[in-house]
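[1] got a structure for you, letters missing:
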């Protein structure tokens, strides 16, 4: 291929608009896939957050049912158990993304929830016979298996979600995290106080995970081409809207292009900011409410769940608005994503600053906490779907990279509280002010970096044909330069 033809091909590929098949109807198998994964995420987060309630009952002999063993674990031991989930979670992110892109996400999701379910059922036995170390081991493996979920989901979304519906479908799915939190916190509280005591929490979550895995085995599919349920009209609509032609091909991951891409690094940064703020709030707000305001938020499941219920409801509102303004070409995809994410990060940042100066009033504090968490719903149609915007063919890998990096912050954020809070000052509101200001600053600065350097434009390295011809272009450029240099040398003589 000549140098000129390579440039002509490059221009043609960039400017060619795919012909999209007609949309077959508002509801289809793509929505069934989204609903199933939503339920899977509900169960996954139920397994994840129920330990924060379960461990209270496991270590409180006064609240435990008779005949149910409790354990004299110190605060540091309990914190270790709660954080151990993320040790495994971080490890599996990038490998999961690679495997999901190569072999599909269905199998990994199946393994993820099946593994979590079996381990959840074994946790009571592990606690009684192996102590806190055995429980930590169970949580590490649960995290390892759950690390498959987000990269696999992104890989599946990249093959199932038409661009016109991408914001809504992704939001419906990932809102399962908040709905799972809303359901799990009060449910875990009720189960712990029931006849079976704290072990029933883990049995219930484990059985739910296995039931979901059975449903997913029969109804789930990696791609529209692999689905036995989808109609030809819906399959054609999805594939043509994504520029696919028949069965999806698997291509080598363009690692160099990914790690030299500024939009990818911007995405890593903003994802880190999200995880710092989210897990700081989820893990430390109960302590703040208890020590400063005299309210143990974890003892009241409904109050604990309120902010996440509001976030779940608002996620549907922001997804509808985002897809509406994009599909009606009111603003570009990039503008819509960045505005939504700015509301989702700068809004909570401002609310945290307000919370730091809130008087010791429960109503005001809970209201600001609900506002902080609720506004964070904007991230669902912000950076959360940006991986698919940049490279739908490698969305799983990108999610594995950014989520793996971001969950390092999930561990660091709660641990950083120890630099500011001690048993002597934890009841003083002023002692918490630096924590709120730090989180607000991270929300602001990390989102600002994404605003400046992020984009929602499809990246050229998403297209393997482009990569191949780009290599030809670079090769021909080098050959041309070498020939020109040789000609100039010959002219001297």
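    Received the coordinates, thanks. Being a predicted model, the structure only gives us computed values, none of them experimental.
[2] The residue most central in space within the chain and residue 402, how far apart?
    For the chain, the residue nearest the mean C-alpha position is residue 150 (5.6 Å; C-alpha atoms, centre = their mean). Residue 150 sits 9 Å away from residue 402 when distances are taken as C-beta to C-beta, to the nearest Å. To be clear about C-beta, it is placed using only N, CA and C from the backbone, and glycine gets the same treatment.
[3] ok so, going back, would you agree the residue nearest to the centre of the chain is in contact with residue 403?
    Yes: using C-beta atoms under 8 Å, residue 150 is in contact with residue 403, at 5.2 Å.
[4] Now the common contact residues for those two.
    residue 93 (C-beta atoms under 8 Å, 6 or more residues apart in numbering).
[5] quick revisit: got a pLDDT number for the residue nearest to the centre of the chain?
    Residue 150 is assigned a predicted lDDT (pLDDT) of 90.
[6] Also residue 45?
    We note a pLDDT of 91 for residue 45 in this prediction.
[7] next one: phi and psi at it?
    In terms of degrees, to the nearest 10, the main-chain angles of residue 45 are phi -70, psi -30.
[8] from here on, count from 311
    Sure thing, new numbering starts at 311, so read that last one as residue 355.
[9] didn't it look like it was pressed against residue 485?
    No: checked against C-beta under 8 Å, the pair residue 355 and residue 485 is beyond contact range at 10.6 Å.
[10] quick one: low-confidence ranges for the stretch 361-510 of the chain?
    Where the stretch 361-510 of the chain drops to pLDDT under 70, the residues are 371-377, 385.
[11] For it, which segments count as helices?
    In the stretch 361-510 of the chain, the segments counted as helices under DSSP state H, counting those that start in this stretch are 385-401, 403-413, 416-456, 459-470, 476-484, 486-502, 509-529.
[12] Give me whichever of the ones you listed is most buried.
    helix 459-470 (a mean of 29; mean count of other C-beta atoms under 10 Å).
[13] Looking at the helices of the stretch 361-510 of the chain, spot the one closest to residue 750.
    Of all the helices of the stretch 361-510 of the chain, helix 486-502 sits nearest to residue 750, with 21.2 Å by C-beta to C-beta.
[14] In terms of secondary structure, what does the closest one contact?
    For helix 486-502, the contact count by 3 or more C-beta pairs under 8 Å, 6 or more residues apart in numbering; DSSP states H and E identifies helix 339-368, helix 509-529, helix 611-637 as packing neighbours.
[15] Hey, what's the angle from that helix to helix 339-368? Just curious.
    What separates the directions of helix 486-502 and helix 339-368 is an angle of 40 degrees, with axes from the mean of the first three to the mean of the last three C-alpha atoms, to 10 degrees.
[16] what sits up against helix 486-502?
    The contact list for helix 486-502 (C-beta under 8 Å, 6+ apart) reads 347-356, 358-360, 363-364, 366-367, 373, 508, 510-511, 514-515, 592, 609, 611-612, 614-615, 618-619, 621-622, 625, 687.
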